[in-house]
Structures are given as C-alpha cells and as structure tokens.
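Peer 1: Provided below for reference: sequence and predicted model.
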Amino acid sequence: MITLAEIESVAWDETKCSALRRAVRSRCFKASEKGAGKAPTMCEFKARVLLLLGWISIGVTPLAPCQQSTPSKEMEIKVLSAGVILRISALGSRGLVSVQNEAGAQVQSLACPLLRDDVEATEQELAPVREKFVTQFEAVDLDSDGYPDLAGIREFGAKWARYCVWLYDPRQHMFVKDFLAEQMELLTNLASGDDAMVFSSHMGPASPWQAVYQIVGTKASRPERQLVPLSRAC
C-alpha cells in the first residue's frame, strides 16, 4: 500500500499525474498477481483514494483564518507646540498612532492594546472601542509640564473610560510610557488640573466617587515622577 509520505514526495503537476497512476497500478499488481492481469478490487479502491488525495493537494489551498475586523477611519491631529502630526487609526485589537514630522516622515509608532485585560474579546466588543480610540483621541497636557501628552480610550462603559497614555519627553523629543504614564492608565475617567493635580472618578449609578492625586518627584528619584493620592470623596 502506498503511504501519504510517498504521495507527498511526488511533484504534483499535469505531466506527472499519469506517472503516479502507473506507479499505483504497478504496486497493486505486485501485491497480488492473481486476477488475470487485473488488480484486486480493494487495491483499485485504495489507489483511487490515494489519487484523489493527490488531486486535492493540487487544487486546494489551506484557508487562512477569516479576519472579520476592518480598519477604522483615520483621524489626523496637528500638534503645533510639538511640531508633529498624529495619524490615529485602529485595527483588530490595537489602537495605532503614527507620529510624523512636518515633512510627513514617521518619527514614532505607538500601539495601544484595546480591551487588554480581556484576552477573549470578540469582534463585536472591539469594534466600538476602536471607534472611541480614534474619534476621542486627545493631545492634552496631563502632567502639567507645558507639553502636550497623548491619551486614547482603551476600554469604556456607560459612564467611565480608561486610557492608553504617552507623555511627551522634551529631552528625547518623543512620547514615552514611563512609570507615571502607566499609573495614569489605571485611573478611571482620567483628568488633569492645575499645579500637577490629576483626578480619577466614577459616576455611578451607585457609590460615585472622585480621587485626587499629586504628581511628585525629582530628577534624582526613581521613579522620577509618580502619583501620590491626596484625597478621595464619595
């Protein structure tokens, strides 16, 4: 009996299929010399099955998993104070930010994992988050240093949202995700105020609250900057 390994070793094209048929018949006849020059019925059946598998291997290409998600509409934001142009989009489970200089050349590429705590998020769940990430993306000063920072929604509910955050580093002239940015990403309904104040809140419907934080730190400290809670009001 011919094995699948022998079938796969044959170069499958039109000119060699006849050679395979002859090889299959030859092996079948050698298996039994009875039957007045005819191969046994079972052998013929096996040969036809093997030939059919060969034809399937020629004509069928394995299908890639169906990608249901479609790219979101792109939004452009010009950040004049940083001299950059932001092109915001989203695809699959990622929010994307292309940071370009005034000449249109990309200088930085940022990615935000949407619904990052839900490893089994469905396309139906991701689609509205992609839309929110793009349409409500912001370039705003979050750390009170006078430079624009970036925030894009990564998950949300009826009255709350959490963000992907990148803070502008004037020394490197780029947006970074440092310890302070990671702390901000954990806050619900992130908002910034004067004097390095940062706010987090939850609007209910039950047990609403607001928390107030202060950005503290020095260049000699590690981490250099961090949030320290000041108060929480219900």
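Peer 2: Sure thing, it's come through.

Peer 1: could you give me the average pLDDT of stretch 126-134?
Peer 2: Taken as a whole, stretch 126-134 has a mean pLDDT of 97.

Peer 1: Not counting its own residues, what contacts that stretch?
Peer 2: Applying CB atoms under 8 Å, 6 or more residues apart in numbering, the contact partners of stretch 126-134 are 69, 72-75, 88-93, 95, 112, 114-115, 152-156, 161, 164. For glycine as for every other residue, the C-beta is placed from the backbone atoms N, C-alpha and C.

Peer 1: swap in stretch 154-161?
Peer 2: Surrounding stretch 154-161, the residues in contact under the criterion CB under 8 Å, 6+ apart are 95, 112-117, 129, 132-133, 153, 162-164, 185, 188-190, 202-205.

Peer 1: Next step: those residues restricted to strands.
Peer 2: Within the contacts of stretch 154-161, membership in strands is found for 95, 112-113, 153, 162-164, 202, as judged by DSSP state E.

Peer 1: Double-check residue 107 against residue 101; I have them as touching.
Peer 2: Yes. Counting by CB atoms under 8 Å, residue 107 touches residue 101, with 5.4 Å between them.

Peer 1: Now the common contact residues for those two.
Peer 2: The overlap between the contact sets of residue 107 and residue 101 (CB under 8 Å, 6+ apart) consists of residue 84.

Peer 1: re earlier: can you flag the buried ones in the ones in strands among the contacts of stretch 154-161?
Peer 2: Buried by 16 or more other CB atoms under 10 Å: 95, 112, 153, 162-164, 202, out of those.

Peer 1: Flag the least confident of these.
Peer 2: Among these, residue 202 carries the lowest pLDDT, at 89.

Peer 1: Residue ranges of each domain in the protein, please.
Peer 2: By the record's domain assignment, the chain is partitioned as 4-59, 116-233 (automatic domain parsing).

Peer 1: Select from those domains the stretch with the lowest mean pLDDT.
Peer 2: The stretch with the lowest mean pLDDT among the domains of the chain is domain 4-59, at a mean of 47.

Peer 1: rewinding a little: which of the contacts of stretch 126-134 are buried, as a PyMOL select command?
Peer 2: One line in PyMOL is enough to select the buried ones among the contacts of stretch 126-134; burial here means 16+ other CB under 10 Å:
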select buried, resi 72+88+89+90+91+93+95+112+114+115+152+153+154+155+156+161+164
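
Peer 1: could you pull out the helices for the chain?
Peer 2: Assignment of helices within the chain using DSSP state H yields the ranges 4-8, 14-31, 41-59, 123-135, 179-185.

Peer 1: Flag every buried residue along the fourth one.
Peer 2: Spelled out, it's helix 123-135. Residues 126, 129-130, 132-134 are the ones in helix 123-135 that count as buried (16+ other CB under 10 Å).

Peer 1: hmm, back to that, I'd like the ones in strands among the contacts of stretch 154-161 as a markdown table, with distance to residue 232 appended.
Peer 2: Listed next are the ones in strands among the contacts of stretch 154-161 as a markdown table, based on distance: CB to CB, whole Å:
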| residue | distance to residue 232 |
| --- | --- |
| 95 | 29 |
| 112 | 27 |
| 113 | 28 |
| 153 | 23 |
| 162 | 18 |
| 163 | 20 |
| 164 | 24 |
| 202 | 11 |
